[in-house]
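In: curious how this folds, go ahead:
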Amino acid sequence: MENQQTSLKHLFQQEFSKMVAVISRRYGLQHIEIAEDIVSETFLQATETWEQKGMPPNPTAWLYTVAKQKTLYHFRRNEIYEKKVMPAIAAKEVTTVENDDFSFSAQQIKDSQLQMLFAICDPSIASEAQIGLALRILCGFGIDEIAEAFLSNKETINKRLFRAKEKLRTENIRMELPPEREIVNRLDNVLHIIYLLFSEGYYSQTQNQILQKDLCVEALRLGLMLTDYNSTNLPKTNALIALMCFHASRFDARQQQDDTVVLYEEQNEALWDQALINQGQHFLALSAQGDEVSSYHLEARIAYWHCIKEDTPEKWEHILQLYNELLMINYSPSVALNRTFALYKANGAKVALVEAEKLKLENNHFYFLLLGELYKDIDTQKASMNWQKAYDLAKTPTEKQGIREKMNSLEK
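Out: Numbers count the residues shown, from 1 in each chain. Just a heads-up that it's a prediction; the model follows:
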């Protein structure tokens with residue numbers, strides 16, 4: 001029974017988003033909540049039926065068949081299909097053809113999910129709400145999991161998702177790929193949301209390591225989905241995929257079983273996923289086509305150098321130059337901070353201190369963590385003072401524990 005529940009949970013996360021996307025594509029985004037309800041009812045029926053009769057030989061096909069029956073019954077019963085949906089479709093010239101076979105074929109699922117991704121990433125929807133929608137509608141995460149990922153509560157997440165779905169309706173957002181001339185601009189927003197989704201997992205403050213990893217895996221899946229279409233399989237798409245592969249390759253080495261964070265210098269290289277590193281190199285090579293150099297290109301190359309464990313000045317000089325370029329096209333305090341760390345590794349603490357003191361990131365615990373690192377061999381009192389500030393600003397017990405260990409090391 002426990003194995004069946006585990007399989008059903010896995011199926012839910014794997015199939016929920018596909019089924020909602022296909023139904024929404026067929027009947028319109030104004031009915032997205034109906035699509036969610038139908039799919040949820042399908043899984044509820046599966047739970048009850050399979051508990052009595054056992055899991056069918058092809059559970060996915062069973063889910064698709066039942067969901068299709070429920071969908072057709074709902075829209076026919078309410079006469080929405082004949083009286084409201086089809087006239088609306090005809091008036092708006094939506095690409096769905098009236099006599100198309102309504103099915104959950106592999107191509108239907110793939111096309112529907114891509115169109116749903118672009119719909120969710122419409123600029124009229126706030127980016128935080130876009131991430132929530134992506135987690136729910138495209139990745140199949142439950143409300144509890146989304147709330148945990150955002151360190152929030154279910155009520156807040158439900159309200160946020162409700163407002164986002166209202167936007168889908170009121171802004172008359174369609175499930176379709178933008179015209180070719182607009183695809184590049186819209187793709188930037190799609191890539192940004194995938195990037196934020198990956199970051200939500202990789203730099204998450206939740207203690208649920210399985211959830212963290214699942215978020216990263218789903219972001220990578222969405223990125224790879226874009227490579228199936230010529231109009232979205234662009235160099236910057238491949239650069240983002242490479243970036244995610246390189247970071248994800250070190251996921252298992254970043255935390256010990258007690259949730260203690262393992263610093264890069266102390267990570268066990270044997271725990272790095274070489275297959276993901278190889279995949280990252282493949283997509284990094286593909287990203288080199290064309291003339292554009294996006295922030296994803298530069299971040300991917302930085303992440304690539306971090307997949308080489310040898311700690312040489314040449315390595316950090318390469319990373320430093322890449323951060324210099326990144327600051328020119330996409331300045332942020334975190335990039336400036338990381339650039340200062342690279343400067344420290346390449347040219348020493350004294351040189352880096354001059355740059356670090358200019359940043360004055362007074363509410364950033366990573367800033368004081370870096371200052372403590374730079375001062376540790378120069379002035380232990382200042383190192384201790386800065387680490388104490390970092391400790392006071394840190395938000396999680398795991399971060400505080402790591403900083404406390406650094407402070408204790410000064411006393412030895």
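In: so which residues of the stretch 301-412 of the chain form helices?
Out: Per DSSP state H, counting those that start in this stretch, the stretch 301-412 of the chain carries helices over the ranges 313-329, 333-347, 349-359, 365-375, 380-393, 397-410.
In: between helix 365-375 and the third one, find me the angle.
Out: Angle between the axes of helix 349-359 and helix 365-375 is 150 degrees (criterion: axes from the mean of the first three to the mean of the last three CA atoms, to 10 degrees).
In: same deal with the longest one?
Out: Using the same axes, to 10 degrees, one finds that helix 313-329 and helix 365-375 are set 140 degrees apart in direction.
In: for helix 313-329, could you pull out the residues that count as buried?
Out: Neighbour-count burial for helix 313-329 flags Lys315, Trp316, His318, Ile319, Leu320, Gln321, Leu322, Tyr323, Leu326 (criterion: 16 or more other CB atoms under 10 Å). From N, CA and C alone the C-beta is placed, and that goes for glycine too.
In: do you know how far Met385 is from Asp379?
Out: 9 Å (CB to CB, to the nearest Å).
In: quick one: low-confidence parts of the stretch 1-150 of the chain?
Out: For the stretch 1-150 of the chain, the stretches with pLDDT under 70 are 1-6, 79-101.
In: quick one, helices of it?
Out: For the stretch 1-150 of the chain, the helices defined by DSSP H, counting those that start in this stretch cover 2-27, 32-53, 59-77, 80, 86-92, 106-120, 127-133, 143-149.
In: what lies in contact with the last one?
Out: Contacts of helix 143-149 from elsewhere in the structure, counted by CB atoms under 8 Å, 6 or more residues apart in numbering, are 132, 135-136, 141, 153-154, 156-158, 161, 200-201, 204, 206, 208, 211, 215.
In: any of those residues buried? List them.
Out: Judged by 16+ other CB under 10 Å, buried ones among the contacts of helix 143-149: Gly132, Leu135, Arg136, Phe141, Ile157, Leu161, Glu200, Gly201, Ser204, Thr206, Leu211, Leu215.
In: the fifth one is in what secondary structure piece?
Out: Think Ile157. helix 154-170 (DSSP states H and E).
In: next, the angle helix 106-120 makes with that helix.
Out: Using the same axes, to 10 degrees: helix 154-170 against helix 106-120 is 100 degrees.
In: in stretch 176-189, what's buried?
Out: For stretch 176-189, a neighbour-count test (16+ other CB under 10 Å) marks Glu176, Leu177, Pro178, Ile183, Arg186, Leu187, Asn189 as buried.
In: helices - which of these land there?
Out: Ile183, Arg186, Leu187, Asn189 (DSSP state H).
In: which residue, other than its chain neighbours, is closest to the third one?
Out: Think Leu187. Leaving aside its chain neighbours, Leu187 sits nearest to Thr232 (5.8 Å; criterion: CB to CB, 6 or more residues apart in numbering).
In: sticking with the one you found, tell me its helix or strand.
Out: Under DSSP H and E, no helix or strand contains Thr232.
In: so what's the residue count around Lys360?
Out: Lys360: 9 surrounding residues under other CB atoms under 10 Å.
In: which phi and psi values does it adopt?
Out: Backbone geometry at Lys360, expressed as degrees, to the nearest 10, gives phi 50, psi 50.
In: tell me the pLDDT at it?
Out: Looking at Lys360, its pLDDT is 91.
In: cool, Gln207 as well?
Out: At Gln207, pLDDT is 68.
In: in TSV, list the buried ones among the contacts of helix 143-149 along with distance to Arg254.
Out: Formatted as TSV, the buried ones among the contacts of helix 143-149 follow (distance: CB to CB, whole Å):
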residue	distance to Arg254
Gly132	25
Leu135	22
Arg136	27
Phe141	22
Ile157	26
Leu161	30
Glu200	15
Gly201	12
Ser204	11
Thr206	14
Leu211	15
Leu215	14
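In: does Ser231 touch Arg181 like I think?
Out: No: using CB atoms under 8 Å, Ser231 is not in contact with Arg181; the gap is 10.6 Å.
In: in the protein, which residue is closest to the centre?
Out: The centre of the chain sits closest to Leu197, judged by CA atoms, centre = their mean, with a distance of 2.2 Å.
In: in which helix or strand does that residue reside?
Out: Leu197 is part of helix 183-202, with elements assigned from DSSP H and E.
In: so what secondary structure elements neighbour the helix or strand following that helix?
Out: With elements assigned by DSSP H and E, the helix or strand that comes after helix 183-202 is helix 209-226. On a contact count with 3 or more CB pairs under 8 Å, 6 or more residues apart in numbering; DSSP states H and E, helix 209-226 meets helix 106-120, helix 143-149, helix 183-202, helix 235-249.
In: what's near enough to touch the nearest residue to Met19 once chain neighbours are set aside?
Out: By the measure of CB to CB, 6+ apart, the closest residue to Met19 outside its immediate chain neighbours is Val39, 4.6 Å from it. Val39 is in contact with Phe16, Met19, Val20, Ile23, Ala67, counting by CB under 8 Å, 6+ apart.
In: dump those residues to a markdown table, plus neighbour count and distance to Phe341.
Out: Shown next, in a markdown table, are the contacts of Val39 (neighbours: other CB atoms under 10 Å; distance: CB to CB, whole Å):
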| residue | neighbour count | distance to Phe341 |
| --- | --- | --- |
| Phe16 | 23 | 41 |
| Met19 | 25 | 45 |
| Val20 | 27 | 43 |
| Ile23 | 26 | 48 |
| Ala67 | 25 | 50 |
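In: just the closest of the residues you listed to Lys395, please.
Out: Phe16 (31.5 Å; CB to CB).
In: isn't that closest one up against Thr42?
Out: No: the criterion here is CB under 8 Å, and Phe16 misses it with Thr42 at 9.2 Å.
In: find the residues that touch each one of the two.
Out: What both Phe16 and Thr42 touch, as defined by CB under 8 Å, 6+ apart, is an empty set.
In: still on that earlier bit, quick one: pLDDT of the residue nearest to Leu187?
Out: What the model reports for Thr232 is a pLDDT of 93.
In: and the one 3 residues further on, by the same measure?
Out: Confidence at Pro235, expressed as pLDDT, is 96.
In: now do His282 against Arg301, distance only.
Out: According to CB to CB, His282 stands 14 Å off from Arg301.
In: who has more neighbours out of these two?
Out: The neighbour comparison of His282 against Arg301 (other CB under 10 Å) goes to Arg301, with 23 against 14.
In: so who does the more buried one touch?
Out: Counting by CB under 8 Å, 6+ apart, Arg301 makes contact with Leu284, Leu322.
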